[in-house]
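J.: mind folding the following:
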Amino acid sequence: MQTMIQIDDISHAYDKKIVLHNIHLSIEKGERCALVGRNGAGKSTLIHLLLNIMPLKKGKITLAGHPNKKQTWKQFVSYLPEKFDLYPHLSGYENMQFFATLSNKKIEPDKINEKLKLVSLWNAKDAQVKGYSKGMLQRLGLAIMLYYDTDIIILDEPTSGLDPIGRADILKIITSLTGKTILMASHHMSEIEQVCTHVAYLDDGKMTKYDIEDFLVKYKEGAM
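T.: This next block holds a predicted model:
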């Protein structure tokens, strides 16, 4: 099994308050791992360190076997933040075209069409994004990430603020992805149970990785 995300002995503090303390985590190819913890546990900090948005002061991170340097990680990782900044006056298709240019590769119209159909936005592709619902915006953001076709996908609360139908749509798409390694920050246990194979649990600066079945047993026993 190939290790796609490897975190070794990383720590981080804000004004001497330790948020992450000697964190270790391995996520293997094809795993869908939930990143779970209470508010303020350090989930966003960990994601930002993974993506080199924040400088790593202690420890080591490798993504698909490569150091997480800014100039290289985007070859292997797609990131969908909780709020994805799209261009409201462009159509869904035009947004896809614009973000496709950021891959520094020739735009593939057939691939754009394929991803828009996958997220059920084909019929709305010519409408301006400013008229999209939040669920449609999330699906468009996901389509853009999937266009890049990277081995690793990092999702930060991908269903935040969505109604039950919108949430179900996103989860169905995520579950359908095969061969991808996914790290998904979430606080919805029902979603985690539906989608994830493993859970990385952050508590008091420490991390423990569980198989989903073991985690759910502990959660239902009140051990979390």
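
J.: for this structure, what helix or strand is lowest in average pLDDT?
T.: When the helices and strands of the chain are scored by mean pLDDT, DSSP states H and E, helix 70-73 comes last with a mean of 68.

J.: measure I165 to L56 for me?
T.: From I165 over to L56 the distance is 39 Å, taken as Cβ to Cβ, to the nearest Å. (Each C-beta comes from the backbone N, C-alpha and C, glycine too.)

J.: neighbour-wise, which of these two wins?
T.: L56 (17 against 8; other Cβ atoms under 10 Å).

J.: assign a three-state SS to the closest residue to that one other than its chain neighbours, would you?
T.: Nearest residue to L56 in three dimensions, chain neighbours excluded: L49, at 5.5 Å (Cβ to Cβ, 6 or more residues apart in numbering). Judged by DSSP: H, G, I helix; E, B strand; the rest coil, the three-state class of L49 is helix.

J.: and L49, what does it touch?
T.: Shown in contact with L49 (Cβ atoms under 8 Å, 6 or more residues apart in numbering): 10, 12, 20, 56, 61.

J.: what's across from the last one in the sheet?
T.: In this structure, I61 has the following beta-bridge partners (DSSP bridges): I7.

J.: do I have it right that it meets D9?
T.: No - I61 sits out of contact with D9 when judged by Cβ atoms under 8 Å, with a separation of 10.1 Å.

J.: about what we covered before: ok, the residue nearest to L56 to S11 distance?
T.: Counting by Cβ to Cβ, the gap from L49 to S11 is 10 Å.

J.: what do those two both touch?
T.: L20.

J.: quick revisit: I61 and D9 - which one has more neighbours?
T.: I61 (22 against 11).

J.: what separation do you get for that one and K106?
T.: I61 is 31 Å from K106, by Cβ to Cβ.

J.: please apply the same query to T178.
T.: T178 is 25 Å from K106, by Cβ to Cβ.

J.: give the pairing partners of the following helix or strand past the least confident helix or strand of the chain; include direction for each.
T.: Following helix 70-73 in sequence order, the next helix or strand is strand 77-80 (DSSP states H and E). With DSSP bridges as the test, strand 77-80 is paired with strand 152-156 (parallel).

J.: what residues does the partner strand touch?
T.: For strand 152-156, the external contacting residues (Cβ under 8 Å, 6+ apart) are 4-5, 43-44, 47, 50-51, 63-64, 76-82, 145-146, 174, 177, 180-185.

J.: how about a cut-off of 6 Å?
T.: 4, 47, 76-82, 180-185 (Cβ atoms under 6 Å, 6 or more residues apart in numbering).

J.: low-confidence ranges, the protein, go.
T.: For the chain, the stretches with pLDDT under 70 are 70-72, 223.

J.: centroid-nearest residue for this protein?
T.: Nearest residue to the geometric centre of the chain (Cα atoms, centre = their mean): L155, 1.6 Å.

J.: show me what it is bridged to.
T.: With DSSP bridges as the rule, L155 is bridged to L80, M184.

J.: can you tell me how far it is from I170?
T.: Taking Cβ to Cβ, one finds L155 at 9 Å from I170.

J.: so which residues of this protein form helices?
T.: 43-50, 70-73, 92-101, 109-118, 134-147, 164-176, 189-195, 212-220 (DSSP state H).
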